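# Sequence plus the predicted model coming up.
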Amino acid sequence: MKRIICCIFAAILLVSLAGCSGNGNIVGTWEQEMEVSILGEDVESATSAPALCRFTFREDGTGLQEHILQDESYPDAAREFTWQLEGNSLTLEYEENHTEVFSVVLEKTSLKLENRRGSYDLVKAE
């Protein structure tokens, strides 16, 4: 009887430790406040504006990257993508045949994405 109880407690301990691993789950919405450069035909000179960068990772392997300009003087930007996370490498494939690969540091409420073009320090949105 003692062996059975010990085995049950050991199994519960293993399951609870696996559930608390540092890898976590990337599914959800992640955000970062930042300054973005504004360029384009209707812009007289390069300027910047405060924005909210938002990545939404859906369970089906699709997602959305948004840059929401907080002063509403320019239109927001959004791009759909598919994603794949393997170990600490995240691949985003955008509709226009553009692929970005990021190294990932994922913790409970923070997500750091980094590649040769730059990095994002995102926090889990509520």
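Yep, that arrived.
# Could you pull up the residues touching D121?
Shown in contact with D121 (C-beta atoms under 8 Å, 6 or more residues apart in numbering): 32, 110, 112. Quick note: C-beta positions are derived from backbone N, CA and C, even for glycine.
# hmm, I was thinking of I26
57, 83, 85, 90, 104, 106, 111.
# Quick check: beta-bridge partners of the fifth one?
The residues paired with V104 through beta bridges, assigned by DSSP bridges, are L113.
# now swap in the second one and tell me
In this structure, W83 has the following beta-bridge partners (DSSP bridges): L92.
# all helices for this protein, in order.
With DSSP state H as the criterion, the chain has helices at 2-19.
# residue ranges with poor pLDDT in it?
Residue ranges of the chain with pLDDT under 70: 1-24, 39-46.
# Show me the strands in it, by range?
Using DSSP state E, the strands of the chain run over residues 28-38, 47-57, 62-69, 77-86, 89-94, 99-106, 110-115, 118-124.
# Would you mind giving the orientation angle of the first one with respect to strand 77-86?
Computed by axes from the mean of the first three to the mean of the last three C-alpha atoms, to 10 degrees, the angle separating strand 28-38 from strand 77-86 equals 130 degrees.
# Check the offset of strand 28-38 from the chain's centre.
The chain centroid and the centroid of strand 28-38 are separated by 11 Å under C-alpha atoms, centre = their mean, to the nearest Å.
# cool, and stretch 86-93?
Using C-alpha atoms, centre = their mean, the offset of stretch 86-93 from its chain centre is 11 Å.
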